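Undergrad: The sequence and its predicted three-dimensional model are supplied below.
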Amino acid sequence: MKNKILIFNPRSADGKHRIPNSILQVGASIYGKYEFVFVDGNLEEDAWQKIDSYFKTGEYNYFCCTVMPGPQLKQAIPFTKKIKEKYPECITIWGGYFASNQFKASIESDFVDYIISGPGDVAFPSLINSYEGRNLINENGDTSKDSDIRRNDNLSFEAELLKIKNLIYRNEKGIIIKTAKEELLDQDTLPPLPYQHLDTFYSLENYLSKTFLGKNTFSYHSSLGCPFTCSFCAVVPIYNGRWKAKSAESVYKDVSYFRKKYNIEAIEFHDNNFFTSRNRVVEFSELIKNDGITWWGEGRIDTINKYSDEDLQLMKDAGCKMIFLGAETGNDEILKQMNKGGTQTGETIKEFVKRLHPIGIIPELSFVLGMPADSPEKVMAQIKWDINFIKEIKEINPDAEIIIYLYSPVATEGSELYEQIQKAGFSFPQHLEDWLDPAWENFDLRKNPLTPWLTPEMVDEIKNFETVLNGYYPTATDFRIKGFKRSFLRGISKIRYRTGFYKYPYEIKVLHKIWKYRQPETQGFYSE
């Protein structure tokens, strides 16, 4: 039957690649119900040839693609377009942050049929069921499984679609329809990820690599969403301030499986906010503390700063080596502009990095520079202010890692920040294929803002400081930069860093290029 499904993960980076949890989650929702294959663009020399070879069999009717902003668009857009041109009866389904946040351009492209906006654990199989006519969907969104039951004659196809939550599509009149948001499900009740099914296409060992955390580093998602509603964050429109997590026991069960079967030594938790629940983190730390596993996760300063020193020490003893933290800025007024929420302030940031120093957990702080302001002078003043704040952080805790982003708008529609960037003349591409312009790829990596309020002088100020900072304090995550290399970089950067002379740091750039210095914010941790 022509009802097989291809689930595609477009290429996202040039280095060692993480296990594709997003497509695993999609696969879990239909495992045992429909036949499907995985294609990982990161591990294919010619991903299109692989995709086309499947569709040439005539057995595939669904092309499903996860789409993150940035590099993944270079395969997601042209491949989906080719599928629609060559196999016009194929149903194309997108998911991921880009598809959800740029749904209008995606749906209006005429080659993306549906978008799963948010978790697809129910939405994705329900959409396939509607097309296959295998299941009837009741008022609660549940399904009654019976292969002999066909679509209810009194229920039109579009009425079925309207019952599927987290779905975006165009109806017969060409109107874009966004169905209701689904409540986040109990993560412990979801089917397990089909790791062994993925292993039949790509050895799972291909996804385990040596990083600064340890050998055989494993990537894992233990929760969905974030309870905060920062107006600059791409997560907010999808989850609307909601958060749901697996229990500590469930997470530990998965980790133990990979430790025993694949001898993993480290984990990257790629949750939007791993540390939301102190009780869960403490319980997990107690479970894993004797297993010799090192780990990294993302969290908020004002949340983790409420943990006791005993909690933080337990985390350290249990293998927590580094925490990624959205500092954003040390300027309290800009934090309000961002609608950061919570209780974070510049003083809170300084207090927390100071607390972590004697414990030995490395704070990895991300800063967002180049926010809009009333005048160019004020924008530049804010940039200089945060540069000095970053240097103050390094004085308090020299081990603190600093990641600098240029502000790239993903402002929540309706927020004050959204109105501000609109008035300043910023707008996203209206046509999907315009996103293939290299300038927009850099925008998505937060390295080329394309924002009208940032002048070349301002961008140079930020990037030159970043170069000097990465010379004087090379990231610990690129473990190749050590010994002589590290000392030499620090030596040639010392005068610039201490005097504040950041212009034309060509000597540092040359060494970064020769030694292939890897910035974790663009390609992830260096791995081999």
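TA: Arrived safely, thanks for sending. Because the structure is a prediction, the values reported are computed rather than measured.

Undergrad: which regions of this structure sit below the pLDDT cut-off?
TA: Of all residues in the chain, those with pLDDT under 70 make up the ranges 1, 16, 134-155, 409-418, 420, 441-450.

Undergrad: hey, which helix is longest across it?
TA: Ordering each helix of the chain by length in residues (DSSP state H) puts helix 376-396 first.

Undergrad: Go through that helix and flag the buried ones.
TA: Judged by neighbour count using 16 or more other Cβ atoms under 10 Å, the buried positions of helix 376-396 are 379-380, 382-387, 389-391, 393-394. (Glycine included, C-beta is placed from N, CA and C.)

Undergrad: Now do the residue nearest to residue 31 when sequence neighbours are not counted against residue 33, distance only.
TA: Among residues not flanking residue 31 along the chain, residue 194 sits closest, at 4.7 Å (Cβ to Cβ, 6 or more residues apart in numbering). Applying Cβ to Cβ, to the nearest Å, the value for residue 194 to residue 33 is 12 Å.

Undergrad: same check, this time on residue 22
TA: Here residue 22 is placed at a distance of 19 Å from residue 33 (Cβ to Cβ).

Undergrad: before we move on, the earlier item: give the pairing partners of the following helix or strand past the longest helix of the chain; include direction for each.
TA: Downstream of helix 376-396, the next assigned helix or strand under DSSP states H and E is strand 401-406. Applying DSSP bridges to the sheet, strand 401-406 is found paired with strand 362-369 (parallel).

Undergrad: Tell me what angle the partner strand forms with helix 376-396.
TA: For strand 362-369 against helix 376-396, the angle by axes from the mean of the first three to the mean of the last three Cα atoms, to 10 degrees is 170 degrees.

Undergrad: For strand 362-369, which outside residues touch it?
TA: With contacts defined as Cβ atoms under 8 Å, 6 or more residues apart in numbering, strand 362-369 is touched by 232, 296, 321-329, 338, 349, 352-353, 356, 382-383, 386-387, 390, 393, 397, 399-407, 446, 462, 476, 520-521.

Undergrad: could I have it exported to PDB, CA atoms only?
TA: What follows is strand 362-369, C-alpha atoms only, in PDB (Å, rounded to 0.1, in the frame of the first residue of the first chain):
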ATOM      1  CA  ILE A 362      30.700  26.300  35.300                       C
ATOM      2  CA  PRO A 363      28.100  28.900  34.500                       C
ATOM      3  CA  GLU A 364      27.700  29.300  30.700                       C
ATOM      4  CA  LEU A 365      26.100  32.700  30.300                       C
ATOM      5  CA  SER A 366      24.500  33.900  27.100                       C
ATOM      6  CA  PHE A 367      24.100  37.600  26.400                       C
ATOM      7  CA  VAL A 368      22.000  39.300  23.800                       C
ATOM      8  CA  LEU A 369      23.400  42.600  22.600                       C
END
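
Undergrad: And for the closest residue to residue 59 other than its chain neighbours, the neighbour number?
TA: Using Cβ to Cβ, 6+ apart and skipping the chain neighbours, the partner closest in space to residue 59 is residue 4 (4.8 Å). Number of residues near residue 4 (other Cβ atoms under 10 Å) recorded here: 17.

Undergrad: now swap in residue 107 and tell me
TA: Neighbours of residue 107 (other Cβ under 10 Å): 23.

Undergrad: Tell me the spacing between it and residue 303.
TA: 36 Å.

Undergrad: quick one, the strand or helix carrying residue 322 and strand 401-406 angle?
TA: Using DSSP H and E, the element containing residue 322 is strand 320-328. Relative orientation of strand 320-328 versus strand 401-406 (the same axes, to 10 degrees): 30 degrees.

Undergrad: What strands line up against strand 320-328, and which way round?
TA: The pairing partners recorded for strand 320-328 under DSSP bridges are strand 294-299 (parallel), strand 362-369 (parallel).

Undergrad: CSV for those strands, including distance to residue 39 and mean neighbour count?
TA: Formatted as CSV, the strands paired with strand 320-328 follow (distance: least, Cβ to Cβ, whole Å; neighbours: other Cβ atoms under 10 Å):
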stretch, distance to residue 39, mean neighbour count
strand 294-299, 28, 23
strand 362-369, 32, 22
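
Undergrad: Output the longest helix of the chain as CSV, nothing but the C-alphas.
TA: What follows is helix 376-396, C-alpha atoms only, in CSV (Å, rounded to 0.1, in the frame of the first residue of the first chain):
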residue,chain,number,x,y,z
PRO,A,376,21.4,55.1,17.9
GLU,A,377,23.4,56.7,20.8
LYS,A,378,21.4,54.8,23.3
VAL,A,379,21.8,51.5,21.5
MET,A,380,25.6,51.9,21.4
ALA,A,381,25.6,52.9,25.1
GLN,A,382,23.7,49.8,26.0
ILE,A,383,26.2,47.7,24.0
LYS,A,384,29.2,49.2,25.8
TRP,A,385,27.4,48.9,29.2
ASP,A,386,26.9,45.1,28.7
ILE,A,387,30.5,44.6,27.5
ASN,A,388,31.7,46.1,30.8
PHE,A,389,29.2,44.0,32.7
ILE,A,390,30.6,40.9,31.0
LYS,A,391,34.1,41.8,32.0
GLU,A,392,32.8,42.3,35.6
ILE,A,393,31.4,38.8,35.5
LYS,A,394,34.7,37.4,34.4
GLU,A,395,36.4,39.2,37.4
ILE,A,396,33.9,37.5,39.8
